[in-house]
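Asks: pasting the structure only:
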């Protein structure tokens, strides 16, 4: 028997919309860009990109959020976060740290945007991966192709496929 | 005057330092620590005028650092700079003795508004 939860279930699209909004805030406040431009949404993850992923978990929702780009794009995002010129090279570790911090900030903003009427999320540890994320059979992904200022990027939400909950008779 | 920046992310330490300068606090000596344990040792050795601390860190997190400082009767001015900003966390921070919680992403204006009354 299942019982209805006192809060409403968040849709994956709702989570992705929050992530896109969060990216706009990060662009304006942290990266020195005008904003984030949403180009299109899809459900398939683009292979060959790298980026940072971070968990956002509450009692009934477990999300993985991601911000990805090409290697050069990740370098540009790191340079923007650190206020560096494009001719300044960064070590892979520094790029990972910076893009991981972008993911961390995004997670904080998404948490705030989604927390109204929903239990408090906890933010996980950001990790940077140079490789493709493959959701499992029980997971679904939502992807937003965005321009974070001049940097072509993708924002991802991965979660378990939602289970329909029924009220106890 | 000195400000201690505590964050396990090198990128974030750079950004906080830059934002402090943009907010007009560039005349302060800026020191860094990579986790709470390192910060505790630094504060015991030479107390800064202000600690700006992340929440989640290895070795010793921010709230643990603050609780240890207050247990040792340290009155060092302390605030959090964090992506975590739920009402519960803000209450916990204030209860432990933090003067403020600045939420990421932050701006120089936010630093100016929050830190000016603390440092004046």
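Replies: Looks like it came in fine. Since this is a predicted model, take the numbers as computed values, not measurements.

Asks: beta partners for residue A:128?
Replies: Counting by DSSP bridges, residue A:128 is bridged to residue A:52.

Asks: could you pull out the helices for the chain?
Replies: Picked chain A for this. Counting by DSSP state H, one finds helices in chain A at the ranges A:12-26, A:71-82, A:92-114.

Asks: hmm, I had chain B in mind actually
Replies: When assigned using DSSP H, the helices of chain B occupy the ranges B:10-22, B:36-45, B:62-71, B:87-96, B:108-119.

Asks: which residues are contacting the third one?
Replies: Just to be clear, that refers to helix B:62-71. Helix B:62-71 is contacted by residues B:6, B:36-37, B:39-40, B:43, B:53-56, B:60, B:76, B:78, B:80, B:82, B:92-93, B:96-98 when judged by CB atoms under 8 Å, 6 or more residues apart in numbering or on different chains. Where C-beta positions appear, they are placed from N, C-alpha and C, glycine not excepted.

Asks: switch to 10 Å and redo it
Replies: B:6-7, B:33, B:35-40, B:43-44, B:47, B:51-57, B:59-61, B:74-76, B:78-82, B:84, B:89, B:92-93, B:95-98 (CB atoms under 10 Å, 6 or more residues apart in numbering or on different chains).

Asks: again, but for the second one
Replies: Applying CB under 10 Å, 6+ apart, the external contacts of helix B:36-45 come out as B:4-8, B:31-33, B:48, B:51, B:53-54, B:57-69, B:72, B:74, B:76, B:78.

Asks: can you check the last one too?
Replies: Counting contacts by CB under 10 Å, 6+ apart, the residues outside helix B:108-119 that touch it are A:29, B:1, B:3, B:16, B:18-25, B:28, B:49-50, B:52, B:77-79, B:81, B:99-104, B:106-107.

Asks: List buried residues within those.
Replies: Of all these considered here, the ones buried according to neighbour count by 16 or more other CB atoms under 10 Å in any protein chain shown are A:29, B:3, B:16, B:19-20, B:23, B:25, B:28, B:50, B:52, B:77-79, B:81, B:99-104, B:106.

Asks: Could you find the closest non-adjacent residue to the residue of chain A found nearest chain B?
Replies: Going by CB to the nearest CB, chain B is nearest to residue A:108 of chain A, at 2.8 Å. Nearest non-adjacent residue to residue A:108, counting by CB to CB, 6 or more residues apart in numbering or on different chains: residue B:83, 2.8 Å away.

Asks: How about the contacts made by that neighbour?
Replies: A:54, A:101, A:103-112, A:123, A:126, B:12, B:54-56, B:103-105.

Asks: Recalculate using a threshold of 7 Å.
Replies: The contact partners of residue B:83, by CB atoms under 7 Å, 6 or more residues apart in numbering or on different chains, come to A:104, A:105, A:107, A:108, A:123, B:104.

Asks: ok, back up a step: deepest in the core, which of the helices of chain A is it.
Replies: Of all the helices of chain A, helix A:92-114 has the most neighbours on average by mean count of other CB atoms under 10 Å in any protein chain shown, namely a mean of 23.

Asks: quick one: average pLDDT of it?
Replies: The average pLDDT within helix A:92-114 is 93.

Asks: Please apply the same query to stretch B:28-45.
Replies: 96.

Asks: May I have the distance across that stretch, first residue to last?
Replies: 18 Å (CA to CA, to the nearest Å).

Asks: How about stretch A:77-96?
Replies: 10 Å.
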